[in-house]
Structure formats: structure tokens, C-alpha cells
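[1] below are the sequence and a predicted model; questions follow.
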Amino acid sequence: MTLPRNLDIIETKSLNYVENGISFEILIRTNQALKHKSTMQQYCADAFQDIKYFDTVVELKNKNYRLIFNKFNLVQRHYLLVSIDFCHQKEILTQLSFEALAEAIQITNFYAFYNGGQKSGSSQPRQHFQLVELDKIPIENLIINDKLRYLDDLQCFVETFPVCDSMSLYKAYINLIKKCRIQLSEPIISDDIAHNYFDVSKLPTYHQIYTQEEDQSTLTQLTIDDYSLIIANGYMIMFKRSQDNFINSISLTGQIFVQDEQSAQLLMQTGILNTFRTCIPTE
């Protein structure tokens, strides 16, 4: 299937930068077609409120989500997988989320990214994944070989799986929540039953969550600590987040977007790994 391209993209020039033996790619904006900072800060506004009327890239069998064009795209094919009914970006993802994501990945074979909360760089409150067409992310081999040594003491973990289906994705997600010691928070909609799950150790396993309807409704109301998620056809990696900055899920693959030359120079002077340490907790 030939997937449609976005009509306009944010023009960038590429700068290769090696740090600690790892080759990073810094993409520097060269045009003005970028979200204004004030737009990024309007987190409470739901830009996808009329999601049913957005142009779709391709129709999904899953009717809970739509695959739409990203208005502020950085590559020719940069899509968003958005929930039709409002689910908050900080709510814990469920198997329903991963059913749609698995279908989208199988159709596109793209990398998927999820910014869980404002500290991870999310600018919209409605639940949405980014799907981006990339030849290969800079740290691909490190992820596949489970050798993320360049991350040193940063809190991140990898889960691999042979088949990219909804259950495999969901298992990986739950396992990563536990490995990263992600804590559950107050539900967006108060529910006394939800208090049983505030301790992450009490989080039901993936096969228990859907055995009872009340489990599903309860868990979808819970929020969790902010995190960045990278998903590919074979692995998932999660970073716990401690602070908001320009580093989002895509940046953590080793491909970092900056607004201008000065920002690129400052990033290299500070060090990419040191920049990562400002927004990801250390062990």
C-alpha cells in the first residue's frame, strides 16, 4: 500500500554529532512553518475535539481511533493516531489503545511514539500516538541488542516481542511500567475502586484487566507518572520523565529537532546525554 504524504513539511537541515561513540542526528529548522510556542503551551485546548471530521490517512478496522495527518510534520509521512472519544494523554493506556496501534504499525511499518504527559513534551490533552516514517533510528542496534550503555544511569528499559499484536504490545507496556517504577496517580474521574490500584505492584496483570468490565472502566480513569514511549515492530522502550524540556520521545531515539543554529550549538556544548539527564531521573 502506498501511503499518502503530508502536503507541507517543516524544512530542516541535518547535522551529525558523535558523543560517547554514539552518532546522533540533530535536525535544525530552516523555515518558519513551526508551531508557535504559545500554541505549544495551550495544553488545555483540545485541538482534536472534532476528530471525526479530520482527513484520515487510511481507514482502520478499529473504530476507537483515527489515523490522521500531523499538521506540524517533520518528515513526508508523519501521522497521528488519535482517540475518537476523549481519553486524557496521562491516562494509563489499555489494550484497546494497543489494538489500534498494532493495526496502524502493521499498515505503515512506521515507528510509533507516545509522549505521556507534559513533562514528556506532549502538547495536547487528548490521547494520541505519533507514527513517523524513518529509515532507521540512530540507536536501533543498541535497542535490539539490549545494550543501551550510552544511557548510563538514566531510568529506561526495553521490552522485545516477536509479534507486533495488541497483546504483545500491552504486555510490554505493563512490564515497562513496573520496571520503570512508574507510579499511578489520582484518577481524572474520582472512583473509590481505583484506590485499590494506586500501588503499581497491585496493578492487575494484562490477562486480568479485561476479565471484568469494571476493571476496564476503572483503569482507564487512572493517570500515571509522565513517561516517553518508543514503539517499533519488535520492541518497546520507556523512559521515565522528571522534567519538561524540548526532548520528546522522538528525540530519545537519537534524532533531535531544534529550532535554530543557536539551539544546536547550545545542545552540543551542554552535551546530549547531559541534556537527557535534565529530564530523565537517574538511578
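    All right, it came through fine.
[2] hey, let's count contacts and neighbours off CA atoms from now on
    Will do.
[3] any low-confidence regions in the stretch 101-250 of the chain?
    Within the stretch 101-250 of the chain, the segments meeting pLDDT under 70 span 121, 138-155, 184-223.
[4] now the strands for the stretch 1-150 of the chain?
    With DSSP state E, counting those that start in this stretch as the criterion, the stretch 1-150 of the chain has strands at 12-19, 22-29, 65-69, 78-83, 111-116, 128-132.
[5] pLDDT on the second one, on average?
    This predicted structure assigns strand 22-29 an average pLDDT of 85.
[6] remind me what that strand packs against, helices and strands.
    With contacts taken as 3 or more Cα pairs under 8 Å, 6 or more residues apart in numbering; DSSP states H and E, strand 22-29 sits against strand 12-19, strand 255-258, helix 261-270.
[7] now with 6 Å?
    Applying 3 or more Cα pairs under 6 Å, 6 or more residues apart in numbering; DSSP states H and E, one finds that strand 22-29 makes contact with strand 12-19, strand 255-258.
[8] residues near Ser70, how many?
    Slight slip there: residue 70 is Asn, not Ser. Neighbours of Asn70 under the rule other Cα atoms under 10 Å: 19.
[9] show me the contacts for it.
    Contact partners of Asn70, counting by Cα atoms under 6 Å, 6 or more residues apart in numbering, are His78, Tyr79, Leu80.
[10] quick check: domain ranges of the chain?
    In terms of domains, the chain is parsed into 12-182+226-277, 184-223 (source: automatic domain parsing).
[11] on that earlier part again, can I get the strands of the stretch 1-150 of the chain in CSV with distance to Ser242 and mean neighbour count?
    Shown next, in CSV, are those (distance: least, Cα to Cα, whole Å; neighbours: other Cα atoms under 10 Å):
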stretch, distance to Ser242, mean neighbour count
strand 12-19, 23, 13
strand 22-29, 23, 19
strand 65-69, 29, 24
strand 78-83, 25, 24
strand 111-116, 12, 25
strand 128-132, 20, 25
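[12] in CSV: these, plus distance to Glu91.
    Converted to CSV, those look like this (distance: least, Cα to Cα, whole Å):
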stretch, distance to Glu91
strand 12-19, 33
strand 22-29, 31
strand 65-69, 16
strand 78-83, 12
strand 111-116, 8
strand 128-132, 11
